[in-house]
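Visitor: need coordinates for the following:
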Amino acid sequence: MTTTRQDFERAFELVIGHEGGFSDVRSDPGNWTGGTVGSGQLKGTKYGISAGAYPNLDIRNITLAVAHDIYQNDYWNRVGASDMPPRLAFVMFDAGVNNGVSRAIRWLQESVGSTADGVYGPNTRAAMQRAVTVDETHVVVEVHSRRTRFMIGLSTWATFGIGWSRRLVRIPLEAAHHWPDPLMVDDVVPEPMPIPPAYEADLSLAERMDRLERKLDLLLEARI
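Guide: Got it, this is the predicted structure:
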């Protein structure tokens, strides 16, 4: 089983909910165009798109539509999510956005016994497909465990760790909720989760992004 366009749209909405709006905290290396504190310009991060990764973008004024394209082309596609079952795809997608594509791919490669070079190619795809055929949940757990260990070891964990912990805990719960495993519900295949109204096929991208932006604003207000 591989992902669909609807899987990406749902995953995008979930990850955007974790990333939130604009931030230009000086102590966050990703907010600087040089990738380290004090290096280059302090342009900040918005929707998870950082100045460190995209130094030439006007970060503060990025729209959700622009973020949507970046997430699909630079993260979803590059981690190989389209080849994966939805739960693994979502875990890999969030890891790629939050921790970097090559690092996320290395975690996958270590988890499925492929050469850990950080590049998603035919050998990694074949190893992944063999592994998920045997036990997809095991692969998801292995990838997420490696990510958790990495993040706990970061020097900035003392500053940002509680927020990161919330995200790390929520990711597998969201994956299980939105893409349930039939084997975990007494062999009864659940009815498909309804597609959020923001992603109905008859809406334009602009209309979908407008609806999502309003939902995100409400989420951010609730956090304040």
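Visitor: so where do the strands sit in the protein?
Guide: Counting by DSSP state E, one finds strands in the chain at the ranges 45-46, 49-50.
Visitor: can you tell me which of these is most buried?
Guide: Most buried of the strands of the chain by mean neighbour count (mean count of other Cβ atoms under 10 Å) is strand 45-46; its value is a mean of 24. Yep, even glycine has a C-beta here, placed from its N, CA and C like the rest.
Visitor: I'd like the average pLDDT over that strand.
Guide: Average pLDDT, strand 45-46: 92.
Visitor: please shift the residue numbers so they start at 54 in all later answers.
Guide: OK, 54 is where the count begins now, so the last one is strand 98-99.
Visitor: contacts for it, please.
Guide: Applying Cβ atoms under 8 Å, 6 or more residues apart in numbering, the external contacts of strand 98-99 come out as 72, 74-77, 81, 83-84, 104, 112-113, 115, 120.
Visitor: same list, the strands of the chain, but as CSV with distance to residue 210 please.
Guide: Shown next, in CSV, are these (distance: least, Cβ to Cβ, whole Å):
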stretch, distance to residue 210
strand 98-99, 18
strand 102-103, 18
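Visitor: out of these, the one nearest residue 172 is which?
Guide: Of all these, strand 102-103 sits nearest to residue 172, with 22.0 Å by Cβ to Cβ.
Visitor: domain ranges for this protein?
Guide: Listed domain ranges for the chain are 54-122+247-277, 130-238 (source: automatic domain parsing).
Visitor: need the winner for burial among these.
Guide: Sort these by mean neighbour count, taking mean count of other Cβ under 10 Å, and domain 130-238 sits at the top with a mean of 17.
Visitor: what's the mean pLDDT across it?
Guide: Throughout domain 130-238, pLDDT has a mean value of 94.
Visitor: now do stretch 56-73
Guide: Here the average pLDDT along stretch 56-73 is 90.
Visitor: CA-only coordinates of it, as CSV, when you get a sec.
Guide: This file holds the C-alpha atoms of stretch 56-73, laid out as CSV (Å, rounded to 0.1, in the frame of the first residue of the first chain):
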residue,chain,number,x,y,z
THR,A,56,0.2,6.9,-0.4
THR,A,57,-2.3,9.0,-2.3
ARG,A,58,-2.6,12.8,-2.8
GLN,A,59,-5.1,12.8,0.0
ASP,A,60,-2.5,11.3,2.3
PHE,A,61,-0.1,14.1,1.5
GLU,A,62,-2.8,16.8,2.1
ARG,A,63,-3.6,15.3,5.5
ALA,A,64,0.0,15.0,6.4
PHE,A,65,0.7,18.6,5.3
GLU,A,66,-2.1,19.9,7.5
LEU,A,67,-0.8,17.9,10.5
VAL,A,68,2.8,19.0,10.1
ILE,A,69,1.9,22.6,9.5
GLY,A,70,0.0,22.4,12.8
HIS,A,71,3.2,21.4,14.5
GLU,A,72,5.3,24.0,12.8
GLY,A,73,3.1,27.0,13.5
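Visitor: for the residue nearest the centre of the chain, give me its contacts.
Guide: By Cα atoms, centre = their mean, the mean C-alpha position of the chain lies nearest to residue 147, the distance being 1.7 Å. Taking Cβ under 8 Å, 6+ apart, we find residue 147 in contact with 64, 67, 68, 71, 220, 224.
Visitor: picking up where we left off before, pull the most distant pair out of the contacts of strand 98-99.
Guide: 81 and 120 (18.1 Å).
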